[in-house]
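> what shape does this take:
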Amino acid sequence: MRVDLFDFELPPELIAQHPVRPRDAARLLVVRQAALEDRHVRDLPQLLRPGDLLVFNNTRVIPARLIGRRGAARIEVTLHQPVRGAEDARQSRWRAFARPARRCRVGDLLSFGPDLEAEVLAKGEGGEITLAFRCAPEVLLERLEASGQMPLPPYIKRPPEGDAKDRADYQTMFALRPGAVAAPTAALHFTPRLMTALEQAGIGHAFVTLHVGAGTFLPVKVEDTEAHRMHAEWYEVPPDTAARINGARAAGARIVAVGTTVLRTLESVADPDGLVRPAAGETRLFIMPGYRFRLVALLLTNFHLPRSTLFMLVAAFAGLERTKAAYAHAIVRGYRFYSYGDACLLERADDLEAQRQSATACQRRMWT
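A predicted model of the protein is given here:
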């Protein structure tokens with residue numbers, strides 16, 4: 001499909017720079033098959049049905065942005081993906097984006113503080129480098145907590161030293177398993193008060209893990225989606241979550257994915273009939289219009305960047321034209337966009353619309 005089909009103009013003033021408080025006061029655009037409705041996230045207990053199951057991502061964002069030196073030269077590094085399969089008790093390897101990358105040479109030693117150093121093992125395209133930190137993985141996480149900054153996306157503007165509030169603001173209330181370098185932003189809207197209200201309404205919840213990579217924010221730079229190579233992200237679906245999902249579906253309840261990361265995880269592990277089994281691994285699943293969803297009935301997600309794989313996923317879920325109409329409505333009504341912005345709750349496109357889309361677009365699952 002042509003990537004320009006997923007483009008739109010967004011006024012810069014609608015890009016949220018800070019979250020609303022309390023978090024569940026964020027606005028919520030309900031995107032139904034026949035109508036749009038302006039609500040708030042705190043209204044979810046009235047918008048869902050008893051028995052519905054919310055699935056959250058319990059990944060935890062690590063402070064992956066580091067300011068260091070190569071000799072006298074200042075280097076900024078943002079870790080974005082661990083190098084799996086290269087485990088060593090004495091070091092941790094990560095792929096990272098460096099600025100300026102031209103100052104980094106293979107073999108250089110970068111210093112990020114008295115107890116945090118890394119050797120440049122390789123250089124790639126687009127400012128990417130591979131680093132070997134001189135400490136074990138669990139020690140590296142501790143030192144990042146002490147020395148690193150939260151890896152906010154580039155459209156959120158901060159002073160060079162960062163903003164201490166982002167340590168809490170850019171973390172969901174469910175954050176448990178460290179490894180993400182970007183937040184699963186749909187879950188940022190949830191509060192203990194809202195979770196209590198959902199429980200009282202008979203709405204359950206379960207957890208998966210997907211360590212979100214920095215590639216989730218990157219726009220697709222090719223002209224046709226066929227030429228785009230999806231980034232890999234590590235996930236895990238534990239046995240209790242698989243059992244809860246299968247039980248809810250067997251009882252006729254709906255599965256609600258809280259965020260695109262959860263949707264990609266569940267669609268990566270579901271069989272053709274929607275049965276979920278415990279699993280762990282990496283996914284490169286690329287979802288675009290024409291894709292046939294296996295089990296997720298509702299998607300709660302923030303508003304995404306134009307020409308991004310996340311906007312393509314939403315268009316696949318709700319229908320491209322309906323998604324464009326929803327975004328146009330949100331822009332006119334002044335909704336706040338992107339990571340710290342507002343949210344939408346989307347119904348999955350019905351079978352007739354899915355058939356129409358598959359007749360005009362590529363229907364595929366991209367695993368390569």
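
> helix/strand/coil for F97?
Three-state assignment for F97 (DSSP: H, G, I helix; E, B strand; the rest coil): strand.

> contacting residues for it?
F97 makes contact with 77-78, 80, 126-129, 214, according to C-beta atoms under 8 Å, 6 or more residues apart in numbering. To be clear about C-beta, it is placed using only N, CA and C from the backbone, and glycine gets the same treatment.

> I'd like the distance between it and L131.
In this view, F97 and L131 are 11 Å apart by C-beta to C-beta, to the nearest Å.

> coming back round to it: ranking the contacts of F97 by neighbours, who comes first?
V77 (25 neighbours; other C-beta atoms under 10 Å).

> that one bridge partners, please.
In this entry, V77 is beta-bridged to L66, A98, by DSSP bridges.

> ok, it touching A98?
Yes - under the criterion of C-beta atoms under 8 Å, V77 makes contact with A98 at 5.2 Å.

> buried residues, stretch 1-15. List them.
Neighbour-count burial for stretch 1-15 flags 1, 3, 6, 10, 14-15 (criterion: 16 or more other C-beta atoms under 10 Å).

> a markdown table please, covering the residues you listed and showing pLDDT and secondary structure.
Converted to a markdown table, the buried residues of stretch 1-15 look like this (pLDDT from 0 to 100; DSSP: H, G, I helix; E, B strand; the rest coil):
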| residue | pLDDT | secondary structure |
| --- | --- | --- |
| M1 | 84 | coil |
| V3 | 82 | helix |
| F6 | 89 | helix |
| L10 | 95 | coil |
| L14 | 98 | helix |
| I15 | 97 | strand |
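
> between F97 and L131, which contacts overlap?
Common neighbours of F97 and L131 (criterion: C-beta under 8 Å, 6+ apart): V77.

> endpoints of stretch 268-275, how far apart?
One end of stretch 268-275 to the other measures 11 Å (C-alpha to C-alpha, to the nearest Å).

> and if you look at stretch 326-339?
18 Å.

> then stretch 196-207?
End-to-end for stretch 196-207, by C-alpha to C-alpha: 17 Å.

> now it: average pLDDT?
The pLDDT scores in stretch 196-207 average 98.

> thinking again about what came up before, in strands, which of the contacts of F97 fall?
When those are checked against strands (DSSP state E), the matches are 77-78, 80, 128-129.

> nearest to E226, of those?
E226 has its nearest neighbour among those in E128, at 23.1 Å by C-beta to C-beta.

> beta partners for that closest one?
Going by DSSP bridges, E128 forms beta bridges with F97.

> which neighbours do V77 and A98 share?
Between them, V77 and A98 share these contacting residues under C-beta under 8 Å, 6+ apart: I129.

> so how far is P114 from the residue lying closest to I287 once chain neighbours are set aside?
Closest residue to I287 apart from its sequence neighbours, by C-beta to C-beta, 6 or more residues apart in numbering: L313 at 4.4 Å. From L313 over to P114 the distance is 43 Å, taken as C-beta to C-beta.

> which residue of these two possesses the greater neighbour count?
It is L313, of L313 and P114, that has more neighbours when counted by other C-beta under 10 Å, with 24 against 7.

> can you pull the pLDDT of that one?
94.

> kindly report the same for H18.
97.

> please name the bridge partners of E117.
S111.

> what's around it, how many residues?
The number of residues near E117, taken as other C-beta under 10 Å, comes to 16.

> help me confirm that it comes into contact with F133.
Yes - assessed by C-beta under 8 Å, E117 is found in contact with F133 at 7.2 Å.

> and the helices in the stretch 151-300 of the chain?
For the stretch 151-300 of the chain, applying DSSP state H, counting those that start in this stretch gives helices covering 166-169, 192-200, 239-250, 260-269.

> about what we covered before: for R277, state which of the buried residues of stretch 1-15 is nearest.
M1 (30.7 Å).

> and that closest one, how far from T309?
Note on M1: its distance to T309, by C-beta to C-beta, is 12 Å.

> now do the shared contacts for the two.
Common contacts of M1 and T309 (C-beta under 8 Å, 6+ apart): M288.

> thanks a lot, catch you later.
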